[in-house]
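Undergrad: Predicted model, plus sequence, below.
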There are 2 protein chains.
Amino acid sequence: MSISHLFKNAPLQLKAILRIVGEEEPIFGPGRLQLLENIEKTGSINQAAKNMGMSYKKAWQMISSMNTQAEKPLITTQTGGNSGGGAVVTDEGHEVMRYYQGLQKRFQAFLEEESKNLHV
Amino acid sequence: MSISHLFKNAPLQLKAILRIVGEEEPIFGPGRLQLLENIEKTGSINQAAKNMGMSYKKAWQMISSMNTQAEKPLITTQTGGNSGGGAVVTDEGHEVMRYYQGLQKRFQAFLEEESKNLHV
DNA sequence: TTTCGTTATTTCTACAAAGATATAACGACC
DNA sequence: GGTCGTTATATCTTTGTAGAAATAACGAAA
């Protein structure tokens, strides 16, 4: 039932990254969740990317991927204006965020339960 | 509760790769399980790697990583001999295989249950 | 002693992914 | 009309990873 005694580094861990994918291309995962959270906070793709230490290009690619796969965009953007423009998480975006957060919570619970089995 | 109606490609999927890790370095996962299965079958790292379309180098690195992290090696090898040498999965190796197989089964059950929630 | 297929290891090459850079367009505000 | 910070996009460069290739060592069997 246990396995940790077989290895030198006692603190064995279970890790997994949960992703929602469609037709090979990823739709949602932990990185995209964090990106949306930061866009919500800053109102800007640029600022959100900087906060995460991510290039604008990568952030934009993620958003483009999500939006093109979604019926309605998860994020809307506008260029120009007094602050130069900005980005907003739509209702649909919020819905996906909430769903994934719940999913991840249940997933973490599973991993923690199984982690107990690893040790003794 | 559902989310699939928000996306164009109806067949949404949940995907995750479960790994046992220790001190940052991976210890066991689906690729290593498959490798051990093939070594069991062929008695050779070389043949196992070929069966999987994997380079010998990569296979050897996986084995080296597992063995150095384990108290006792999961795989033993010998060079030379009538057939040139070979590799054998040890009792400890089998124990890890069995554990991971059970773990993965429970994991798949979790994913399938959650996948139902994605649709309708 | 030669042959053979394997393990074990290093080095080189190629390619893909990531990042940096550059540039255009936009529109509210002054 | 000029300024500003942003979105949007193309292109170039760098870097990291994977794989290919080469080589040595090994030991049973012929």
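TA: Now that the structure is in, tell me what you want to look at.

Undergrad: Please name the bridge partners of A:P26.
TA: Listed by DSSP bridges, the beta-bridge partners for A:P26 are A:V21.

Undergrad: Can you get me a residue count around it?
TA: A count of nearby residues for A:P26, using other Cβ atoms under 10 Å in any protein chain shown, gives 16. Placement of C-beta: from N, CA and C, glycine included.

Undergrad: Surely it is in contact with A:S65?
TA: Yes: between A:P26 and A:S65 a contact is recorded at 7.2 Å, counting by Cβ atoms under 8 Å.

Undergrad: For chain A, which residues are neighbours of DNA strand D?
TA: On the criterion Cβ under 7 Å from any atom of the strand, DNA strand D has as its neighbours in chain A the residues A:44-47, A:56-57, A:60, A:63-64, A:77-81, A:83-87.

Undergrad: confidence score at the closest residue to DNA strand C within chain A?
TA: Residue nearest to DNA strand C within chain A (Cβ to the nearest atom of the strand): A:G80, separated by 2.1 Å. The predicted local confidence for A:G80 comes out at a pLDDT of 91.

Undergrad: Could you list the contact residues of chain A toward DNA strand C?
TA: By the rule Cβ under 7 Å from any atom of the strand, the part of chain A lying against DNA strand C is A:54-55, A:57-58, A:79-82, A:84-85.

Undergrad: List the residues that contact the residue nearest to A:E25 when sequence neighbours are not counted.
TA: Take A:E25 and drop its neighbours on the chain: the residue closest to it by Cβ to Cβ, 6 or more residues apart in numbering or on different chains is A:S65, 6.4 Å away. Applying Cβ atoms under 8 Å, 6 or more residues apart in numbering or on different chains to A:S65 gives the contacts A:25-27.

Undergrad: Serialize these to TSV and add fields for pLDDT.
TA: TSV is the format used below for the contacts of A:S65 (pLDDT from 0 to 100):
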residue	pLDDT
A:E25	86
A:P26	92
A:I27	94
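
Undergrad: Quickly name whichever of those residues is closest to DNA strand D.
TA: Taking Cβ to the nearest atom of the strand as the measure, DNA strand D lies nearest A:E25 of the contacts of A:S65, at 16.9 Å.
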